[in-house]
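> Here's a sequence, model it:
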Amino acid sequence: MFQLETISPKMLDYYVDRRDSLIIDLRPEEEYAVSHVRNAISVPYDTLDEWETFPRGKILVFYCDRGGASMLAAKKYMKLGYRVRSVIGGFLAYHGRNLVISA
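A predicted model of the protein is given here:
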C-alpha cells in the first residue's frame with residue numbers, strides 16, 4: 001500500500017506551473033474568490049463527491065484552510081489510484097509567490 005505524501009506550503013510553488021499537476025483548492029468558493037494559489041481550481045470539499053474523476057495522468061495537489069480536509073481528500077483519491085499530495089498547514093500557512101488576491 002502506498003503512503004500519503006504530504007508537502008510543505010513552500011513546496012506548493014513547485015507544482016504551480018507543472019503540466020503534470022492539478023492544484024485543487026477545497027475551501028468554500030467564497031474563500032477561493034478572495035484569494036487562492038495561482039492555477040488552482042476550486043472544488044469545495046463538500047462537493048468533492050460530485051467529482052467522480054480527475055485527469056489520471058496528473059498529480060493531484062490538495063489544499064484547504066488548515067490541512068485536515070486536504071488530508072482526507074488525498075487519502076480518498078490515493079485509494080482510487082491517483083497520485084496525490086496534501087499541503088500541511090493548508091492555505092493559512094502558504095506565503096508563496098503564487099498567491100492570487102482578488103480586488
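> going forward, measure contacts and count neighbours with C-alpha atoms only.
OK.
> if I look at the closest residue to Tyr15 other than its chain neighbours, how far off is Asp49?
Leaving aside its sequence neighbours, Tyr15 sits nearest to Ser21 (CA to CA, 6 or more residues apart in numbering; 6.2 Å). To Asp49, Ser21 is 20 Å away according to CA to CA, to the nearest Å.
> Looking at those two now, which is surrounded by more residues?
Taking neighbours as other CA atoms under 10 Å, Ser21 and Asp49 compare with Ser21 leading, 21 against 11.
> Would you mind listing where the protein has pLDDT under the threshold?
1-2, 52, 103 (pLDDT under 70).
> The same query, at a cut-off of 80, please.
1-3, 51-52, 103 (pLDDT under 80).
> for it, longest helix please?
The longest helix of the chain (DSSP state H) is helix 68-79.
> Show me where the protein has its helices.
12-16, 29-34, 68-79.
> Alpha carbons of the last one, in CSV - could you do that?
By that I understand helix 68-79. Taking C-alpha atoms only, helix 68-79 is exported to CSV below (Å, rounded to 0.1, in the frame of the first residue of the first chain):
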residue,chain,number,x,y,z
GLY,A,68,-7.4,18.5,7.6
ALA,A,69,-9.8,18.3,4.6
SER,A,70,-6.9,18.1,2.1
MET,A,71,-5.5,15.1,4.0
LEU,A,72,-8.9,13.3,3.8
ALA,A,73,-9.4,14.1,0.2
ALA,A,74,-5.8,13.0,-0.7
LYS,A,75,-6.4,9.7,1.1
LYS,A,76,-9.6,9.1,-0.7
TYR,A,77,-8.1,9.7,-4.1
MET,A,78,-5.0,7.8,-3.3
LYS,A,79,-7.2,4.8,-2.6
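> Pull the residues that contact that helix.
For helix 68-79, contacts defined as CA atoms under 8 Å, 6 or more residues apart in numbering pick out 2, 4, 26, 45, 60-64, 83-87, 90.
> hmm, which of those residues are the buried ones?
Among the contacts of helix 68-79, those classed as buried by 16 or more other CA atoms under 10 Å are 26, 45, 60-64, 83-87, 90.
> Verify the stated contact: Val61 with Gly90.
No: Val61 is beyond contact range of Gly90, at 11.1 Å (criterion: CA atoms under 8 Å).
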